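A.B. asks: Generate coordinates for the sequence data below:
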Amino acid sequence: MDQDWTPVVLKKTSQQKAATSKLSTAQALTQAKIAGNVVTERRIGAAENKSSHGVNLNAKKIEEETDNFTVKTIDKNLAKAIVQARTAKKLTQAQLATAINERPQVIQQYENGQAVPNPNVLNKLDKALGIHLPRK
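C.D. replies: You can find the predicted model right below:
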């Protein structure tokens, strides 16, 4: 069995060349449109990014909203109870945070009354401080 190592060259037939050359010019395309061989559609807005242009209906609803929403924060009595219990145990905020596996900023926010109440953190504080903190 021999292997044939001669190069093979593929060429277009004359019919294929004629078909591609007719449609390659703008004039041929116009003639094809006139003859009815080519149909074009105008797609309005097909190339637009509608998420960044135009009015977003949800944003409009939010802008027209008149209700005042507030986030519920820790009660001042709870904040004072945390400070008193921590100082009674002679712990710093950082030591208490380490004891309950939280960041010191969390303890600072709870003691300043700025934190959003988290039941998990409050339970950890109860156990670490050995008291039941007041909740509403």
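A.B. asks: how near is Thr25 to Ala32?
C.D. replies: Distance, Thr25 to Ala32, using C-beta to C-beta, to the nearest Å: 10 Å. C-betas here are computed from N, CA, C, even on glycine.
A.B. asks: repeat for Glu111
C.D. replies: Plainly put, Glu111 is 80 Å away from Ala32 if you go by C-beta to C-beta.
A.B. asks: Thr98 now?
C.D. replies: Going from Thr98 to Ala32 by C-beta to C-beta gives 79 Å.
A.B. asks: Looking at Thr25 and Ala32, which one has more neighbours?
C.D. replies: The residue with more neighbours, out of Thr25 and Ala32, is Ala32; 14 against 10, by other C-beta atoms under 10 Å.
A.B. asks: Nearest residue to the more buried one in space, please, no chain neighbours.
C.D. replies: Val38 (4.3 Å; C-beta to C-beta, 6 or more residues apart in numbering).
A.B. asks: Isn't that neighbour up against Thr30?
C.D. replies: No - Val38 is beyond contact range of Thr30, at 9.2 Å (criterion: C-beta atoms under 8 Å).
A.B. asks: Against Glu63, how distant is Leu10?
C.D. replies: Distance of Leu10 to Glu63, given as C-beta to C-beta: 63 Å.
A.B. asks: An error on my part: the question was meant for Lys12.
C.D. replies: 61 Å.
A.B. asks: Can you give the contact residues for stretch 79-88?
C.D. replies: Residues lying outside stretch 79-88 but in contact with it, judged by C-beta atoms under 8 Å, 6 or more residues apart in numbering, are 93, 96, 107, 110-113, 125, 129-131, 133-134.
A.B. asks: what's the pLDDT at Ala99?
C.D. replies: The model reports Ala99 with a pLDDT of 95.
A.B. asks: Alright, that wraps it up for me.
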